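Peer 1: Compute the structure for the input listed below.
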Amino acid sequence: AEAASPRAMTGDQLTKEFLAAYRARDEDRAFELIRSNREMITGRLIQQQLAFLFVDAESESVDAAEYISAMKFVGALEQKKTGDVSWSKMAEFYAVSGGREKVRLKEAQDKIRGGYELCLSNRYSEANILFEDARRAFVEIGNDFEAGIADYWVGYTFDRMGKYSESRSILRELADESKREAFGWLESQAIGWLAMIQYSTEHDLSDFSTANEGYKLAALNHDVYGLQKSSELISALHRRVGEYSAALDFGSRGVNAGAFSGGSIRQHWRGLSNLSELLYFLGYYSAAEEIMIEALDLTRSGLNEKTFEYMALLRLGQIAARRGDNASTREFFLQSRSVASQFEVAEREKLTAYLDLSAGNSYREMGDCGKAGEYYQSAFVYYENNGDLVEQYDLQKGLLICGLAAKDQNKVNELAPKVLGMLDTYRKEIADETRRNGFFGSEQDVYDALIEYETVRGDYAKAFEYSETSRARSLLAMMSDSGSKRNGQSFTELSQFERPATIQSVRSSLPENLQVLQYAVIRDSVFCWILTRDAEKTVSIPITREKLQEFAAAFINSLSYPAGGSTEYRRQTAAALSRAIFEPVRPFLNRKLPVVIIPDKMLSGLSFASLVSPETGKYLIEDFELQYASSSATFLLATAAASRMAKPEKGENLLAIGNPSFDFASFPDLESLSAARLEAESISKDYTAPTVLIGAEATRKKLGEEIGSAEVFHFAGHYVYDERTPNLSGFVLADDADSGKLDAMLRNNEVMKLHLPKLKLVVLSACRTGGEKIIDGEGILGAARTFLAKGIPLVIASQWEVDSAATANLMKRFHGFRTGEGITSASALRKAQLDFLHGSDPQLHDPYYWAAFFAFGGHTAF
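Peer 2: Next up, the predicted model:
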């Protein structure tokens, strides 16, 4: 008969397999068994099994001697492979133990084994007592390492008993002590569970540090099971803040670790569960259900692990709800509740509350707010005083959305401030900006539901306030902070802009002869506000979000390359989108006044200038001067900053960067841009005080020295973007020979550290500097946003990859118009673009060559 696979082996069988490898001195096979089987509670930690065998064996027996020798073999292997000295020290301790010490060792190990059995039966309070007793016994005989293992289980059981502070305290002390003693594996166990507690109980959604540390330690210690658990946790953390690409990445790592052939049945279950969750997340509900049923069968047939059974049934209920299967939803949730009832009081209450919350969300998504409300009320009893703060928020959010669906004004009045207050708390407490933006992007459905509710009620002013509350809050906070530092403004002066804007506050602060067009894309419509200082108008456009996404994607794709023979298709696409989002508001706009467009969601990346009127066939830029902002509040703040920076009579100081000489080995996909060099040189002639850095002169050091005195900064070169982390995108510069081989990029997060006391206009003549990534709520991310966050009132930047020669031509005209004709930068950009559109070269009529550049920021006189 064939040998059993490692997954099918019991702990005893694995230990026998290891002993065979040890006797053959087969280090590779032995370590493969060790690294893939580090699960204590099911008897698959081979080192601990050897200790159990030793204390059970007769003293001075041949078996006892072999177990000690095998323990020393493991210790040497671990120290060689991972640097962990703990197992060698444990082997040395056991080698000299005898008499009373061995008796106490056996007593302690019996309590450890008894504690494991109680944990598997969900009797955590009883297990906690046994682990405490085992710890005392280990300490009494001087076995510090295994006292640490017992400490880990004391901390674990405290957590499962709901005693989080006690658990944190014990595990933190254990982690620190293990690090000092070079007990790598034990340190990774303590850190790994601390990360789980942090995930469940703490505020800062951006703090991945403990989870990341646990992942690194598991990798260093060759702990496949630890890697699986850490990957799944990090995936969940990324999902919680809306970082879906990273969530899928780590989720896949967890699945791969679970599929490892040497792992346990529990590892296999985790792999199946995580794969099902990923498929559920991607919308493959039938496949997710099939795999989760397999996980449930595995739980019931091979594991008898009630926590896993509870979770599998809960997930199956959620999947059934997404499929619209009401009967199966109800049945799975009932079965999950039955399993939860078998736990001790603290764990039972926690699991039942989470089930009620999950079921409430599922029924709400199915449109049954009556049933959802019953579950929410049950969950409320627990979460009012307990539980994860994110779960408390999720509950309040569910109650609010059901209140909105029922048009219960009293409930909305009670819950809306509470839910938005919790969101605002998270906004302030999530330290990492990327994660803060992602979290708010994933929570836009709350604001959308409130906007829709108020527009149906006819309270357009309140709807506008919710729209502003949901917009670019991170950017607004950074602009306010930068403004106070640049201009010496007091907090009181800036606080009017940091608060969500109202229609009245926007109108009263708007410059004369200007109009704002603000969009809100909600479920089945697009709502628009047209604001001037003297008037306001609201327009509702019936179109589903899905249909608008389809129109917008077709339009964006059509502009990202030269039209060639597809000119007619492009114009049809532009006319269809214009008919959907602009023609309904056109009658209420004054062609003589500039329009500030405040887009929403997928509209954020659109070149409104190249929309085509279905009636006249004209591009929108031919009828209107356009510029863009992320919210009315950010527009007003940038406008206020610009008002203190009038164009000087003697001209402006220009810093122009042209075609930096970069290292081709570092950037093999980039090429030299000769047109960018000519661009920088030619525009310098339009300024009275230019500084031009070309080729090898265009270093980070030189830029840093010169930009502090510049009023206008023009960059003509390469911009390299990092789609996952826009803050790490940056401008490619020349290596600084005097300072050694430094990173030749100026990254977005480094721009925030520059000293820019005079800078008022930034022109980024490079590919995709205006937008790399759109996040619902925060808007478009990219280099333009970084300079706006730094307090620069106006940025000219691009939305797609541009043609270098055409761009150089466009920029020469732009700078010539703004300096030679005394018009504003937004007007100069429009005039340069119209020159292309109406010029003698028919190729340049194509919007691909002129429409990529937008004016972002505030209204300026320069």
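Peer 1: All the helices of the stretch 701-850 of the chain, residue numbers only.
Peer 2: 748-751, 783-789, 804-820, 825-838, 847-850 (DSSP state H, counting those that start in this stretch).
Peer 1: Just say which of these is most tucked in.
Peer 2: Mean neighbour count (mean count of other Cβ atoms under 10 Å) peaks for helix 783-789 among those, with a mean of 27. (Glycine included, C-beta is placed from N, CA and C.)
Peer 1: Now that helix: average pLDDT?
Peer 2: The pLDDT scores in helix 783-789 average 95.
Peer 1: before we move on, what about stretch 137-155?
Peer 2: 97.
Peer 1: Now that stretch - C-alpha only, PDB.
Peer 2: In PDB, the C-alpha atoms belonging to stretch 137-155 read as follows (Å, rounded to 0.1, in the frame of the first residue of the first chain):
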ATOM      1  CA  ALA A 137       5.900  24.300  36.400                       C
ATOM      2  CA  PHE A 138       8.300  25.200  33.500                       C
ATOM      3  CA  VAL A 139       9.500  28.300  35.300                       C
ATOM      4  CA  GLU A 140      10.000  26.300  38.500                       C
ATOM      5  CA  ILE A 141      12.500  24.000  36.900                       C
ATOM      6  CA  GLY A 142      14.200  26.700  34.800                       C
ATOM      7  CA  ASN A 143      12.700  25.800  31.400                       C
ATOM      8  CA  ASP A 144      12.300  29.300  30.100                       C
ATOM      9  CA  PHE A 145      11.600  28.500  26.500                       C
ATOM     10  CA  GLU A 146       8.700  26.200  27.100                       C
ATOM     11  CA  ALA A 147       7.400  28.600  29.800                       C
ATOM     12  CA  GLY A 148       7.200  31.000  26.800                       C
ATOM     13  CA  ILE A 149       5.200  28.400  24.800                       C
ATOM     14  CA  ALA A 150       2.800  28.100  27.700                       C
ATOM     15  CA  ASP A 151       2.600  32.000  27.900                       C
ATOM     16  CA  TYR A 152       1.600  32.000  24.200                       C
ATOM     17  CA  TRP A 153      -1.300  29.800  25.000                       C
ATOM     18  CA  VAL A 154      -2.300  31.800  28.100                       C
ATOM     19  CA  GLY A 155      -2.400  34.900  25.800                       C
END
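Peer 1: helices and strands of the protein: which one bottoms out on pLDDT?
Peer 2: Least confident helix or strand of the chain, by mean pLDDT, DSSP states H and E, is helix 491-498 with a mean of 43.
Peer 1: Name the residues of the next helix or strand after that one that are buried.
Peer 2: Following helix 491-498 in sequence order, the next helix or strand is helix 503-509 (DSSP states H and E). Within helix 503-509, the residues that qualify as buried are 503, 505-507, 509, counting by 16 or more other Cβ atoms under 10 Å.
Peer 1: okay, those in CSV with distance to Pro584 next?
Peer 2: Listed next are those as CSV, based on distance: Cβ to Cβ, whole Å:
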residue, distance to Pro584
Ile503, 19
Ser505, 26
Val506, 21
Arg507, 21
Ser509, 26
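Peer 1: Wait, a strand at Lys537?
Peer 2: Yes: assessed by DSSP: H, G, I helix; E, B strand; the rest coil, Lys537 belongs to a strand.
Peer 1: list the contacts for it?
Peer 2: Residues counted as contacts of Lys537 (Cβ atoms under 8 Å, 6 or more residues apart in numbering) are 529-530, 588.
Peer 1: Top of the residues you listed by number of neighbours, please.
Peer 2: Within the contacts of Lys537, neighbour counts (other Cβ atoms under 10 Å) peak at Trp529, which reaches 23 neighbours.
Peer 1: Tell me which two in the buried residues of helix 503-509 are the farthest apart.
Peer 2: Ile503 and Ser509 (11.1 Å; Cβ to Cβ).
Peer 1: chain center to stretch 628-644, what's the gap?
Peer 2: 27 Å (Cα atoms, centre = their mean, to the nearest Å).
Peer 1: Tell me where the stretch 101-250 of the chain has helices.
Peer 2: Going by DSSP H, counting those that start in this stretch, the stretch 101-250 of the chain shows helices at 124-140, 144-160, 164-181, 184-201, 209-220, 224-240, 244-258.
Peer 1: okay, those in a markdown table with distance to Arg570 and mean neighbour count next?
Peer 2: As requested, those are arranged in a markdown table below (distance: least, Cβ to Cβ, whole Å; neighbours: other Cβ atoms under 10 Å):
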| stretch | distance to Arg570 | mean neighbour count |
| --- | --- | --- |
| helix 124-140 | 65 | 21 |
| helix 144-160 | 59 | 23 |
| helix 164-181 | 59 | 18 |
| helix 184-201 | 48 | 23 |
| helix 209-220 | 46 | 20 |
| helix 224-240 | 37 | 23 |
| helix 244-258 | 30 | 20 |
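Peer 1: okay, these in a markdown table with distance to Ala710 next?
Peer 2: Output for the helices of the stretch 101-250 of the chain, formatted as a markdown table (distance: least, Cβ to Cβ, whole Å):
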| stretch | distance to Ala710 |
| --- | --- |
| helix 124-140 | 64 |
| helix 144-160 | 56 |
| helix 164-181 | 49 |
| helix 184-201 | 45 |
| helix 209-220 | 38 |
| helix 224-240 | 39 |
| helix 244-258 | 37 |
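Peer 1: quick one: low-confidence parts of the stretch 301-450 of the chain?
Peer 2: Residue ranges of the stretch 301-450 of the chain with pLDDT under 70: 387, 431-435, 437-438, 440-441.
Peer 1: if we can go back for a sec, just put the helices of the stretch 701-850 of the chain in TSV and tack on distance to Phe31.
Peer 2: What follows is the helices of the stretch 701-850 of the chain, written out as TSV (distance: least, Cβ to Cβ, whole Å):
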stretch	distance to Phe31
helix 748-751	41
helix 783-789	48
helix 804-820	55
helix 825-838	65
helix 847-850	58
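Peer 1: Which one, of these, ends up nearest to Glu365?
Peer 2: helix 783-789 (33.0 Å).
Peer 1: And that closest one, what does it pack against?
Peer 2: helix 473-487, helix 748-751, strand 761-765, strand 794-798, strand 853-857 (3 or more Cβ pairs under 8 Å, 6 or more residues apart in numbering; DSSP states H and E).
Peer 1: So which residues make contact with the shortest one?
Peer 2: This means helix 748-751. 726-730, 783, 786-787, 790.
Peer 1: again with stretch 278-289
Peer 2: 239, 244, 247-248, 251-252, 255, 276-277, 291, 315-316, 318-320, 322-323.
Peer 1: try 10 Å
Peer 2: Residues outside stretch 278-289 that contact it (Cβ atoms under 10 Å, 6 or more residues apart in numbering) are 235, 239, 244, 247-248, 251-252, 254-255, 275-277, 290-292, 315-316, 318-325, 328, 332.
Peer 1: May I see the buried residues of that stretch?
Peer 2: Result for stretch 278-289 [16+ other Cβ under 10 Å]: buried residues 278-280, 285, 287-289.
Peer 1: Can you add secondary structure, distance to Ala218 and pLDDT and give those residues back as CSV?
Peer 2: Output for those, formatted as CSV (DSSP: H, G, I helix; E, B strand; the rest coil; distance: Cβ to Cβ, whole Å; pLDDT from 0 to 100):
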residue, secondary structure, distance to Ala218, pLDDT
Leu278, helix, 20, 82
Leu279, helix, 25, 87
Tyr280, helix, 25, 89
Tyr285, helix, 31, 94
Ala287, helix, 28, 93
Ala288, helix, 26, 94
Glu289, helix, 30, 96
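Peer 1: related to what we said a few turns ago, mutual contacts of Ile503 and Ser509, please.
Peer 2: Common contacts of Ile503 and Ser509, defined by Cβ under 10 Å, 6+ apart, comprise Ser632.
Peer 1: Thank you kindly, that will do.
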